[in-house]
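*Asks:* Have a look; sequence and predicted model below, questions after that.
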2 protein chains.
Amino acid sequence: MSSSPTDFGPPTSGPLADLLALLKDAATLKTAADTLAWDEQTYLPDRGGDFRADQLAALAGLTHDRLTGPALNDALLAAEGEGFPDDSAAAACVREARRDFDRRTTLPRQLVEELSRVTTLAQRNWAEARKAADFAAFRPHLSAVVKLKREEAAAVAAGRTDLADRPAYDALLDDYEPGASSEQVAAVFAELRDGLVPLVHGIAESNVSPDRSILSRNYPIAAQDAFCRSGAEELGFDFEAGRLDTAAHPFCTTLGPADCRLTTRYNVNDFSQSYFGVLHEAGHGIYEQGLPAEWFGAPPGEACGLGVHESQSRLWENFVGRSAPYWKHVGPQARAAFPEQLENVSDDDLYRVVNDVRPTLIRVEADEVTYNLHVLLRFELEQALISGDLPVADVSDVWDEKFDAMFGFRPPSPADGCLQDIHWAAGLIGYFPTYALGNVYAAMLWNAAQKELGDLDDQLAGGNFAPLRGWLTDKIYRHGRRYAPTDLIERAAGSPPVPGPLLTHLREKYGALYGLN
Amino acid sequence: MSSSPTDFGPPTSGPLADLLALLKDAATLKTAADTLAWDEQTYLPDRGGDFRADQLAALAGLTHDRLTGPALNDALLAAEGEGFPDDSAAAACVREARRDFDRRTTLPRQLVEELSRVTTLAQRNWAEARKAADFAAFRPHLSAVVKLKREEAAAVAAGRTDLADRPAYDALLDDYEPGASSEQVAAVFAELRDGLVPLVHGIAESNVSPDRSILSRNYPIAAQDAFCRSGAEELGFDFEAGRLDTAAHPFCTTLGPADCRLTTRYNVNDFSQSYFGVLHEAGHGIYEQGLPAEWFGAPPGEACGLGVHESQSRLWENFVGRSAPYWKHVGPQARAAFPEQLENVSDDDLYRVVNDVRPTLIRVEADEVTYNLHVLLRFELEQALISGDLPVADVSDVWDEKFDAMFGFRPPSPADGCLQDIHWAAGLIGYFPTYALGNVYAAMLWNAAQKELGDLDDQLAGGNFAPLRGWLTDKIYRHGRRYAPTDLIERAAGSPPVPGPLLTHLREKYGALYGLN
């Protein structure tokens, strides 16, 4: 009998159980820190920040000690000696825990501390520089971050044969998208770009446009909140094991095996911002809630990678939440939530206005079509930054040129250009591509689900999301980190990552919406 | 120059600085746990409880290790060798930290673990037994708790010469009210009882009664919440360093030097429950916010004891919040918050109805006069439980007899009798007396403040609470644990704890309200 995750839970004794106990112990402290970090973003009083930083640093130190200490290494060695079958959850647990341990211990302590110091400073400076629209002020901080990230890449690559003779950038990318190479990602993105640019131009030249006045009315926060909760709950987010709160920067965080928390923010004139923000975070949350709780704290209980995680937020937000059949289902609810504001607004009006495609400056506010181009731009720039082909001093100018080439206009200020995202200041280089990979994966999974589940449109129009959720649980959620991201996608969707399904989806959907066919 | 707390902050190097670093380290972890405990009471999803218990246990273990380990003992020994002047904050810091260390390490680990196990079970059982009004079901749990608390008392007393030849109960009381003896407390309480019983009877026989219909209308929660916040803020609770949230059991908890959190609960028919609940917790919070932040985590930055803490919640709740001048000030605000509900309700009507005195069954719902009798009853019973004079089997019957003797009627069920409080199930024996001591201290402080501040009534009627808050800061808050509770009260109010001021206050106030003079 083969050991599939459904018939193989974690052991209660032996070397693997010992390993799991150590990982659980670290996860208990890490989630305690995550709870404090959640509180910092949601409820912490104004003056509580300094001491909260002390608390988080103390817990981070304790967690780091456990995750890099000799006890864990000994437990890993013992578990590695067990010889679990290659395809088993146990083998994946040991393999991935070893991967994490090696990645954590491969970096010299001095580099880790320097990175922490430099990125803390850089993030503070970034906030000021963005406010002042002053790239020159941020430049020395970005230089320092890039220098240290190159050192990090070199240290990681030195311990890994699979990273030999590959660009330094790959060692960074690998942290967020295990097993990915920039060469493969670049190939996918090139095809994506070739398909998207003409589509964006076609839409821009179309004389079709939605009734944008719908999203500039007055939508009381309390009614938005209730509408958002109902949306997340219908998709399958379990509020008995989760929450929704307000934060300046929306996120999803898991604080325990039955405690997943979403946040959103409200624009009183546009209910769609909070609504799709919540469907997006609920997509992350449904994935987290679908992971096998019995492996909590260990790799089989963890999400596979950032690309797959984003595929879930995007699938629930865009492929479900921005679809025509979904708005057949939810349109009446929207009109009930906002009876005066949406009087005489039809399901089709709503469907059209929540799919308004326009080249805009800010990634996080971009529509389903142009969003990917924002990511591609960042991917090209950060590869060149790490390789040294792009001097830090030129980042703002090159950003603006590339943006112009894609969208036909230049950002009026670096605040709307290369200073718009916090990622680089935080040392998150290699992270951006996972956003577009998520869209690519989501389209592939959507196609596969459609083939296997019959008429998904009918199910969405009927508010019946359980079959889709069940399919995703079976194909993605229950496997945790058992497979590498590309393997997991190939097992679920029948091919390695390809951009075709995403391009087809966007061409068909927006071709129809904008009369391009 | 003498070293008063105002001119003597914590040192930055030397043995005392080393001690403070260790204490701060433990406080950082303890407040992390406290944050998780706060979250458990306010926002934790329904299914998150089991894992939260794991997180809290892990953090409790880490904190305990730091607070009982050899490193702290070594630092204490080194600081003790410094010979700080007796009256200095430094000397108090070392003395009190030693006291805490010895108390924590004097208990055998087996007893600590057994107490934790037994009280966890007892609290779960208590909730069920209370629901079923079944004292017999709770009896074995109470027996087990009493047995272990006797062992705790013996272990504590064995290491303390000042506890020799005194009742075992004193070793428990000493944990909550440092330096107190049951003999002194009993003398204060006997005088209190002798004064209160005739007052309660006089009020019961009076034919004056307030318009109780005022507190059985419909008060929307959002309006109550705004009214409560305004009340706490006016008294001086700093919302930039604190919060107010909703919880089933109201409390105040400090999560950092600038992070103090209050909770309350709302009764939609009676705004006074949330309002006085918030003024009470705000009183605790104003004390916490007034402690010297530079000593955070060490005794000079901690509250002096539970009696003094309760004196602050009671002073702000009752002596300020339930006074006639306060309702002259706040009456218009109440009518603005609840315009329809309080139409034609005068300041005097409000003052009278929030001072409605009636013998009732439940301590936490009792008025300012009868409240103390509830506490006296528990004090007598728990002394007898620990001494062995009262068999556990007789607790419910003796409770009902004593209650009858005080109030003239018997509780209809043990759920409203000896099962009403969680304290004994939680192992909190010796804690109850601090509630009534708090009232005794509050009255003494109020008298002293009146003498020194001039016409307090005018200040309250004008909404001017800063002079009182300043006086309390000077006399109480800034001293932290520098003095023992009775010494602190004597320094502030001119005499050791005596019940006279409280009795005089209650006789004068309620004599006037109920036409007894």
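*Replies:* Perfect, I can see it now.
*Asks:* What residues does the stretch 251-400 of chain A have near chain B?
*Replies:* Proximity of the stretch 251-400 of chain A to chain B, by CB under 8 Å from any CB of the partner chain, involves residues A:255-259, A:296. Every residue, glycine included, has its C-beta placed from N, CA and C.
*Asks:* Same check on the stretch 51-200 of chain A?
*Replies:* Residues of the stretch 51-200 of chain A lying near chain B by CB under 8 Å from any CB: A:51-52, A:54-55, A:58-59, A:62.
*Asks:* which two from these end up farthest apart in space?
*Replies:* A:Phe51 and A:Leu62 (16.8 Å; CB to CB).
*Asks:* if we can go back for a sec, between the residues of the stretch 51-200 of chain A next to chain B, which is closest to A:Pro220?
*Replies:* Nearest member of those to A:Pro220, counting by CB to CB, is A:Arg52, at 31.7 Å.
*Asks:* which residues touch the residue lying closest to the closest one once chain neighbours are set aside?
*Replies:* Here the nearest residue to A:Arg52 in space, its sequence neighbours aside, is A:Glu40; by CB to CB, 6 or more residues apart in numbering or on different chains that works out to 5.3 Å. A:Glu40 is in contact with A:48-49, A:52, A:56, counting by CB atoms under 8 Å, 6 or more residues apart in numbering or on different chains.
*Asks:* Give me the buried entries from those residues.
*Replies:* A:48, A:52, A:56 (16 or more other CB atoms under 10 Å in any protein chain shown).
*Asks:* chain center to the strand or helix carrying the last one, what's the gap?
*Replies:* According to DSSP states H and E, A:Leu56 maps onto helix A:49-68. Helix A:49-68 sits 24 Å away from the centroid of its parent chain (CA atoms, centre = their mean, to the nearest Å).
*Asks:* tell me, how many neighbours does the closest residue to A:Gly81 other than its chain neighbours end up with?
*Replies:* Leaving aside its chain neighbours, A:Gly81 sits nearest to A:Pro15 (7.1 Å; criterion: CB to CB, 6+ apart). Look at A:Pro15: counted by other CB atoms under 10 Å in any protein chain shown, it has 18 neighbours.
*Asks:* Could you give the backbone dihedrals for A:Pro15?
*Replies:* phi -60, psi -40 (degrees, to the nearest 10).
*Asks:* could you list every residue that touches it?
*Replies:* A:75, A:78-79, A:81-82.
*Asks:* Please repeat the previous calculation with a cut-off of 6 Å.
*Replies:* If you count contacts by CB atoms under 6 Å, 6 or more residues apart in numbering or on different chains, A:Pro15 has them with A:78-79, A:82.
*Asks:* next one: A:Leu19
*Replies:* A:75, A:79.
*Asks:* any idea how far it is from A:Ala298?
*Replies:* 8 Å (CB to CB, to the nearest Å).
*Asks:* ditto for A:Leu437
*Replies:* From A:Leu437 to A:Ala298 the distance is 25 Å (CB to CB).
*Asks:* okay, those two: which has more neighbours?
*Replies:* Neighbour totals were compared for A:Leu437 and A:Ala298, and A:Leu437 leads with 31 against 28 (other CB under 10 Å).
*Asks:* So that one is in contact with A:Gly305, correct?
*Replies:* No. A:Leu437 is beyond contact range of A:Gly305, at 8.8 Å (criterion: CB atoms under 6 Å).
*Asks:* Go through the contacts of A:Pro15 and flag which are in helices.
*Replies:* Among the contacts of A:Pro15, the residues falling in helices (DSSP state H) are A:78-79.
*Asks:* When you filter the contacts of A:Pro15 down to buried only, what's left?
*Replies:* Looking at the contacts of A:Pro15 with 16+ other CB under 10 Å, the buried ones turn out to be A:Ala79.
*Asks:* Any chance of the contacts of A:Pro15 in a markdown table with distance to A:Val398 as columns?
*Replies:* Below are the contacts of A:Pro15 laid out as a markdown table (distance: CB to CB, whole Å):
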| residue | distance to A:Val398 |
| --- | --- |
| A:Ala78 | 51 |
| A:Ala79 | 48 |
| A:Glu82 | 51 |
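*Asks:* quick one: which of the contacts of A:Pro15 is nearest to chain B?
*Replies:* Proximity of these to chain B (CB to the nearest CB) peaks at A:Ala79, which lies at 22.1 Å.
*Asks:* picking that back up, possible to save the buried ones among the contacts of A:Glu40 as JSON lines with pLDDT?
*Replies:* Output for these, formatted as JSON lines (pLDDT from 0 to 100):
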{"residue": "A:Gly48", "pLDDT": "94"}
{"residue": "A:Arg52", "pLDDT": "93"}
{"residue": "A:Leu56", "pLDDT": "92"}
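*Asks:* ok, of the residues you listed, which one's closest to chain B?
*Replies:* Taking the buried ones among the contacts of A:Glu40 together and measuring to chain B by CB to the nearest CB, the closest member is A:Gly48, at 3.8 Å.
*Asks:* mind pulling up the phi and psi values for the closest residue to that closest one other than its chain neighbours?
*Replies:* Leaving out its chain neighbours, the residue that sits closest to A:Gly48 by CB to CB, 6+ apart is B:Asp259, at 3.8 Å. Reported as degrees, to the nearest 10, the phi and psi values for B:Asp259 are phi -150, psi 90.
*Asks:* Can you report how many residues neighbour B:Asp259?
*Replies:* Around B:Asp259 there are 29 other residues, counting by other CB under 10 Å.
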